[in-house]
Each structure stands twice: as C-alpha cells, then as structure tokens.
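**Q** requesting a structural model of the entry that follows:
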Amino acid sequence: MIRSLKRTLLSHNLESPKWSPAEVAVPGCELRHYKAGIWASTVIRGASQKEALRQGFRKLLHYIQGENETETKIEMTVPVTCLVQPGTTEYKVSFFVPTKHQSSPPEPTDPDVFLEERKGAAIFVRSFGGFASVEKFSKEAKALADTLQKEGQSFHSDFYYTAGYNSPFTLFNRHNEVWYFKKEELEGLWLQMAKNFLGKIGKLLV
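**A** This next block holds a predicted model:
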C-alpha cells in the first residue's frame, strides 16, 4: 500500500516503470529493484548536458506524438532519464514505454530514436526537490556516490542517470532523482577474477 502510494505520488498520475523496494535498507538513499522493460531512447553527442536533454526530450516527444511506423499516439510516462558518463559529451535520453505498448511498441521513424530493452536492475536512488540544474544533478550524484562508498556498497561508478518527474511548468513539489546501478556480487567477483588473471598474464610477459 505504501509502496503503491509512493509510486503514485512520484508519477503525478503518469505511468512509471515497475519497481519494488529492497528488503535491506541502505542509509542515506533508497535501493530499488526495477523490472525489465522497453524504453524509447535517443543519444545526443557533442552538446552540453542541458542542451542534450532538451534535444533528446524533443525527439522523444515527437515519437510519442505519432512519429512512428503506426502513427500511434503514446501516453507520456515518467521519469525522463538521462545517462551521464562524466568526462564525455554523449548523453542518452530515455522514457519508459507504457505497459500497454510493451509487447509490441511502434517502431520510431526518426533514425535517431530507438527502442531498447533494459534488464531488471537494482538501483541506488537519491531524491531531491526544486528545479534541477546540471550542477545540482552533479552535486547530488556525488553525494550519492560518497554515501555508497561510505556504506561499502558496490556500484557502477563510471556512469549515473538523472531522472526528472515534472514538466517545466510545475512550480511546486518538484521531484528529481539520481541513480547509480548496483553491482551484483557475482558480477563483482568475475571482474576481480578477470583483473587478477590479467595481472598474472602481465607479469609473465615482462
């Protein structure tokens, strides 16, 4: 009941991807388990993060307004996410395809827009209010990373997502998030084994 209410409050009556809270709490943030699903995405290169989000959202808006092979109008969902890889000027802007279109989403006609199936994932989330600037998102992402490191959590530190839930015309009760993906224990073990193996090979070649 509480989980459903929270999702409703966050979505502002718009559909959002399905998730459930982790059984184990992590101080200073949330840990959510997101289900697999199809997202519509576009990659913007060479622009500032703010401009990339603007361009990307416009392309996705055209897609849901009927610029697809079946000319289907698709309901808006939240959040709009932006994949940020610090040190690069490449950003992926995405929105969740509504449930009723998940089994057969209309193909985009814009070659820059594509459909991707995201696997289920455990995601660390930090929420904050107000109007979110690029600097604010970056600051909140750093705060989340610091928290996770302090708590000894394993996560993918080379990228994060921003998540926006409001239109620019919403002045109050705004909700924003930053996401870091949790590294699964088995994944971390394989990465460490691979590093150890490569280290041994390197010594043999010296």
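**Q** not counting its neighbours along the chain, what's nearest the residue most central in space within the chain?
**A** In the chain, the centroid-proximal residue (C-alpha atoms, centre = their mean) is residue 161; its distance is 4.2 Å. Among residues not flanking residue 161 along the chain, residue 179 sits closest, at 4.1 Å (C-beta to C-beta, 6 or more residues apart in numbering). Quick note: C-beta positions are derived from backbone N, CA and C, even for glycine.
**Q** who's in contact with the one you found?
**A** 81, 123-125, 160-163 (C-beta atoms under 8 Å, 6 or more residues apart in numbering).
**Q** how distant is the helix or strand containing the residue nearest to the centre of the chain from the center of its chain?
**A** If you go by DSSP states H and E, residue 161 is part of strand 160-164. Strand 160-164 sits 5 Å away from the centroid of its parent chain (C-alpha atoms, centre = their mean, to the nearest Å).
**Q** what is the mean pLDDT for the very next helix or strand once past that strand?
**A** Toward the C-terminus, strand 160-164 is succeeded by strand 176-181 as the next helix or strand (DSSP H and E). The average pLDDT within strand 176-181 is 98.
**Q** tell me the angle of strand 176-181 relative to strand 160-164?
**A** Strand 176-181 runs at 150 degrees relative to strand 160-164, counting by axes from the mean of the first three to the mean of the last three C-alpha atoms, to 10 degrees.
**Q** buried ones in strand 176-181?
**A** 176-181 (16 or more other C-beta atoms under 10 Å).
**Q** before we move on, back to that, what strands line up against the strand holding residue 161, and which way round?
**A** strand 80-84 (antiparallel), strand 176-181 (antiparallel) (DSSP bridges).
**Q** so where's this protein uncertain?
**A** Within the chain, the stretches with pLDDT under 70 are 1-12, 185-206.
**Q** and residue 164, bridged to which residues?
**A** residue 80, residue 176.
**Q** that one is in contact with residue 93, isn't it?
**A** No: checked against C-beta atoms under 8 Å, the pair residue 164 and residue 93 is beyond contact range at 10.2 Å.
**Q** quick one on the thing from earlier: as JSON lines, the buried residues of strand 176-181 with distance to residue 68 would be great.
**A** Formatted as JSON lines, the buried residues of strand 176-181 follow (distance: C-beta to C-beta, whole Å):
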{"residue": "176", "distance to residue 68": "28"}
{"residue": "177", "distance to residue 68": "28"}
{"residue": "178", "distance to residue 68": "30"}
{"residue": "179", "distance to residue 68": "27"}
{"residue": "180", "distance to residue 68": "32"}
{"residue": "181", "distance to residue 68": "29"}
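**Q** and which of the residues you listed is nearest residue 146?
**A** Nearest to residue 146 among those is residue 180, at 11.1 Å by C-beta to C-beta.
**Q** I'd say residue 77 and residue 96 touch.
**A** Yes: using C-beta under 8 Å, residue 77 is in contact with residue 96, at 4.5 Å.
**Q** okay, and the common contacts of those two?
**A** Shared contacts of residue 77 and residue 96 (C-beta under 8 Å, 6+ apart): 15-17.
**Q** can you redo the residues you listed as JSON lines with secondary structure?
**A** Output for the shared contacts of residue 77 and residue 96, formatted as JSON lines (DSSP: H, G, I helix; E, B strand; the rest coil):
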{"residue": "15", "secondary structure": "strand"}
{"residue": "16", "secondary structure": "coil"}
{"residue": "17", "secondary structure": "coil"}
